[in-house]
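Engineer: Pasted the sequence and its predicted model underneath.
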Amino acid sequence: MKTWRRLHDNPKLWERYFIREKVLTAIRRFFLDRGFHEVETPYLTGSLPPESYLDVFETTLLDRNRKSTRAFLPTSPEPFLKKLLVAGIGNCFAIPKSFRNTEDKSRTHNPEFTILEWYRVGASYTDIMKDCEELVLFINAYLKRSGKGQGPADPAELMYQGKRVDISSPWERLTVVEAFKKYAHMNLEHALTRETIAKLARAKGYRVEETVEWEEVFHQIFLNEVEPHLGRGKPTILYEYPSDLAALAKLKADDDRFAERFEFYIEGLELGDAYSELTDWKDQLERFRLEEEERRRLGKVAHPIDMDFIEALKTGMPEAGGIAVGVDRLIMLFAGVTDISDTLFFPAKDLFAS
């Protein structure tokens with residue numbers, strides 16, 4: 001049944017869907033009160049940063065003479081915000097729609113989704129960890145003051161699917177290596193090549209084809225054995241990802257096998273992906289070339305690299321920490337639902353139903 005029909009037939013559902021407007025209001029208040037500038041980023045672009053794991057939407061831009069130009073829907077506002085960091089905007093955030101193809105038939109994905117990104121100048125990923133703790137607490141307190149929150153009145157607690165979650169600071173912090181040892185019972189430091197991780201995966205019973213790359217094997221193990229345990233009862237910050245999984249992040253100064261990247265989880269939901277941002281244009285361009293090569297290998301849509309972004313890095317981007325947060329998933333959390341479509345008035349499954 002289409003969402004509008006469900007709302008028509010059951011007016012009590014409006015309360016759940018109105019949580020979205022409260023969450024968006026709370027996000028804006030949080031950042032504006034801290035002196036961040038809100039930025040509107042474009043929904044149409046001629047180039048993108050290449051990311052091997054993403055499928056993009058392509059369209060055609062016509063001029064007045066109907067001359068065509070390839071165009072793409074952005075997968076995130078990241079390159080636009082970083083260009084403004086170079087220009088000198090300072091701390092900033094955006095809450096646009098972003099678009100990623102082949103992300104249907106999932107309870108946590110919609111091809112068109114709302115994303116929150118923010119960048120803090122002169123900061124690292126550890127500063128963004130603190131922002132995340134404060135933001136989630138702020139939203140929860142705002143919802144409870146407005147009568148929309150789940151669970152007890154304590155702003156440091158929320159209820160999700162009948163489970164009490166303590167969101168007070170500090171959150172649990174685990175490195176990716178620690179998480180693999182704890183939940184997958186393997187030493188990831190001994191599995192940073194395709195051959196070594198394939199051997200360990202086969203010993204666990206995974207089927208690993210000869211053509212499969214390291215990243216694909218990593219995600220097989222991670223998604224099955226590690227991710228389901230994260231953020232249970234207390235949010236988890238998972239940090240120090242292998243460098244192959246951090247195309248836009250700085251590498252650790254004392255161990256370049258790993259990057260200054262983290263994701264945070266609450267009750268198994270992956271909600272945000274953060275970096276100490278890479279500012280070296282030569283390193284960034286080299287990583288883009290590798291990502292572009294991997295996209296070709298995987299048969300994904302080829303697109304121009306955003307060389308204007310590289311030119312901006314050449315000009316000089318300030319040291320910064322930044323993060324992308326899935327707003328629809330945040331709303332899932334605060335609404336107490338397990339399907340992203342239950343937070344959207346017009347989910348893709350309604351718009352493209354046969």
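Structural biologist: Arrived safely.
Engineer: Now do the longest helix seen in the chain, average pLDDT.
Structural biologist: In the chain, assigned by DSSP state H, the helix with the most residues is helix 125-145. If you average the pLDDT over helix 125-145, you get 97.
Engineer: So which elements touch that helix?
Structural biologist: If you count contacts as 3 or more CB pairs under 8 Å, 6 or more residues apart in numbering; DSSP states H and E, helix 125-145 packs onto helix 19-32, strand 112-121, strand 236-242, strand 255-266, strand 269-276, strand 320-326, helix 327-335. C-betas here are computed from N, CA, C, even on glycine.
Engineer: Nearest approach to residue 148 belongs to which of those?
Structural biologist: helix 19-32 (5.2 Å; CB to CB).
Engineer: Just the buried positions in the closest one, please.
Structural biologist: Residues of helix 19-32 classed as buried under the neighbour-count rule (16 or more other CB atoms under 10 Å) are 19, 20, 22, 23, 24, 26, 27, 30, 31.
Engineer: Check stretch 49-57 too.
Structural biologist: Residues 49, 50, 51, 52, 54, 55, 56 are the ones in stretch 49-57 that count as buried (16+ other CB under 10 Å).
Engineer: now swap in stretch 292-299 and tell me
Structural biologist: By neighbour count on 16+ other CB under 10 Å, the buried set for stretch 292-299 is 292, 294, 295.
Engineer: got it, and stretch 306-323?
Structural biologist: By 16+ other CB under 10 Å, the buried positions in stretch 306-323 come out as 306, 309, 310, 312, 313, 317, 320, 321, 322, 323.
Engineer: neighbours around the closest residue to the last one other than its chain neighbours, how many?
Structural biologist: When you say that, I think you mean residue 323. Counting by CB to CB, 6 or more residues apart in numbering, the nearest residue to residue 323 once its immediate chain neighbours are dropped is residue 274, at 3.6 Å. Residue 274: 28 surrounding residues under other CB atoms under 10 Å.
Engineer: mind checking how far residue 274 is from residue 24?
Structural biologist: 20 Å (CB to CB, to the nearest Å).
Engineer: Residue 336 now?
Structural biologist: 18 Å.
Engineer: check contacts around the nearest residue to residue 78 once chain neighbours are set aside.
Structural biologist: Using CB to CB, 6+ apart and skipping the chain neighbours, the partner closest in space to residue 78 is residue 117 (6.2 Å). Counting by CB atoms under 8 Å, 6 or more residues apart in numbering, residue 117 touches 76, 77, 78, 81, 93, 94, 322, 323, 324, 325.
Engineer: surely the third one meets residue 248?
Structural biologist: I take that to be residue 78. Yes. Here residue 78 reaches residue 248: they are 7.2 Å apart, a contact under CB atoms under 8 Å.
Engineer: what is in contact with these two at once?
Structural biologist: residue 49.
Engineer: Settle it for me: which of these two has more neighbours?
Structural biologist: residue 78 (25 against 21).
Engineer: how many neighbours does the closest residue to residue 25 other than its chain neighbours have?
Structural biologist: Leaving aside its sequence neighbours, residue 25 sits nearest to residue 142 (CB to CB, 6+ apart; 7.4 Å). For residue 142, the neighbour count with other CB under 10 Å is 20.
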